[in-house]
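[1] 3D, please:
(2 chains)
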Amino acid sequence: MKKKIIYLLLVLLLIFIFTVFLKGLYKPNLYTPSQTSNKNLIEFSGKDLFSDIEITSQQLTSSKKFTIINIWASWCAPCRLEHPILMDLSKNPNLNLVGLNYKDKSESAKKFIYERGNPFSNILVDNNGIISIELGAYGIPETFIINSNTKIIKKYIGPLTNKSFKEIEKIIN
Amino acid sequence: MKFFKFILIIILSFFILQKNLIANDNSILINKISKNLRCLICQGQSIYDSQSDFAISMKLIIKKKIEEGNSEKKIYQYLKNQYGEWIVYDPELNKKTIFLWLFPLILFAFGGLLIFRKVFIN
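    Predicted structure coming up:
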């Protein structure tokens, strides 16, 4: 009788271990920070790419209902993919688009904008990546949607797609 | 005059040494903190080991925070707020991790009990 119980327990333990590993197999092992944050936007300041004037985050968020901060660089291939979507978003009157140029050469960044159009009202330069990290980003492109109370209401990691474009339009309108 | 020069050199070298010592102290703390943080780009490496852009900027942030006078604990807290608990290697004791923390203790107690039975009862 005792042997039978031990045997049963052993089988149950094996089944338990098997299911844990099976579940683990299907779980992606790449960690991504949560995309729905309700944090306040930190205060930061940076130099404008074109005018070289120091601009603070308060100046950026005060003008319109919603502000989008998009982190990009000319060397980043996915940023090229999402650029047309940013151009479309820039047509929305409720929206203020701000670019954060991440670890980029000034000339290359300007060339990128001249060639593809400028969706941004301001582009801040983030040469050492500190502003991006303080925002909570870890790679580029990354996009933050900020409401009029300077709360980050949504965050997109990776390039914007048509689907995210529709989502953003829905949030804004 | 010579004596004054001697004193001046000693005072100057004291200040220079002290400054170096503080800088050195900071870099030890930066290394300590960055070894306890996961890199989100090269997952599996610590911020200390990784050479990714993210890790390089992260080390700058840690340095900045230390210079602003933040304690080690505060820096971890700040980064946890930004990136979630996952960023630190040392998991906090909470509802989700209680099993993780208690299981080794349970195993330890169980093992101790087995040894106790074997030695003292048999």
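[2] for chain B, what lies in contact range of chain A?
    B:38, B:40-41, B:43, B:53-54, B:56-58, B:60-61, B:64, B:81-84, B:86 (C-beta under 8 Å from any C-beta of the partner chain). Just so you know, the C-beta spots here come from the backbone N, C-alpha and C atoms, and that holds for glycine as well.
[3] now the buried members of the residues you listed.
    Taking 16 or more other C-beta atoms under 10 Å in any protein chain shown as the criterion, what is buried in the residues of chain B next to chain A is B:38, B:40-41, B:53-54, B:57-58, B:61, B:82-84.
[4] closest one to residue B:118 out of those, please.
    Proximity of those to residue B:118 (C-beta to C-beta) peaks at residue B:38, which lies at 41.4 Å.
[5] what bridges to that closest one?
    Note on residue B:38: beta-bridge partners residue B:46, judged by DSSP bridges.
[6] go on, residue A:154?
    Beta-bridge partners of residue A:154, as defined by DSSP bridges: residue A:145.
[7] hmm, residue A:172 and it touching each other?
    No. Using C-beta atoms under 8 Å, residue A:154 is not in contact with residue A:172; the gap is 10.6 Å.
[8] tell me where the model's unsure across chain B.
    B:20-23, B:122 (pLDDT under 70).
[9] cool, chain A as well?
    If you take pLDDT under 70 as the line, chain A has these spans: A:35-37.
[10] within range of chain B, give me the residues from it.
    A:29-34, A:39, A:103, A:128-130, A:132-134, A:136, A:138-139.
[11] top helix in chain B by residue count?
    Taking DSSP state H as the criterion, chain B has its longest helix at helix B:2-35.
[12] and stretch B:82-98, what's buried?
    Buried residues in stretch B:82-98, defined by neighbour count with 16+ other C-beta under 10 Å: B:82-84, B:87-88.
[13] including distance to residue B:5 and secondary structure, could these go into JSON lines?
    Listed next are the buried residues of stretch B:82-98 as JSON lines, based on distance: C-beta to C-beta, whole Å; DSSP: H, G, I helix; E, B strand; the rest coil:
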{"residue": "B:82", "distance to residue B:5": "52", "secondary structure": "helix"}
{"residue": "B:83", "distance to residue B:5": "54", "secondary structure": "helix"}
{"residue": "B:84", "distance to residue B:5": "58", "secondary structure": "coil"}
{"residue": "B:87", "distance to residue B:5": "53", "secondary structure": "helix"}
{"residue": "B:88", "distance to residue B:5": "52", "secondary structure": "strand"}
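[14] which among the buried ones among the residues of chain B next to chain A gets closest to chain A?
    When these are compared for distance to chain A (C-beta to the nearest C-beta), residue B:57 wins out at 3.1 Å.
[15] can you pull the contacts of that closest one?
    A:128-130, A:132-133 (C-beta atoms under 8 Å, 6 or more residues apart in numbering or on different chains).
[16] same check on residue A:122?
    A:48, A:55, A:60, A:98-99.
[17] ditto for residue B:81
    Applying C-beta under 8 Å, 6+ apart, the residues near residue B:81 are residue A:39.
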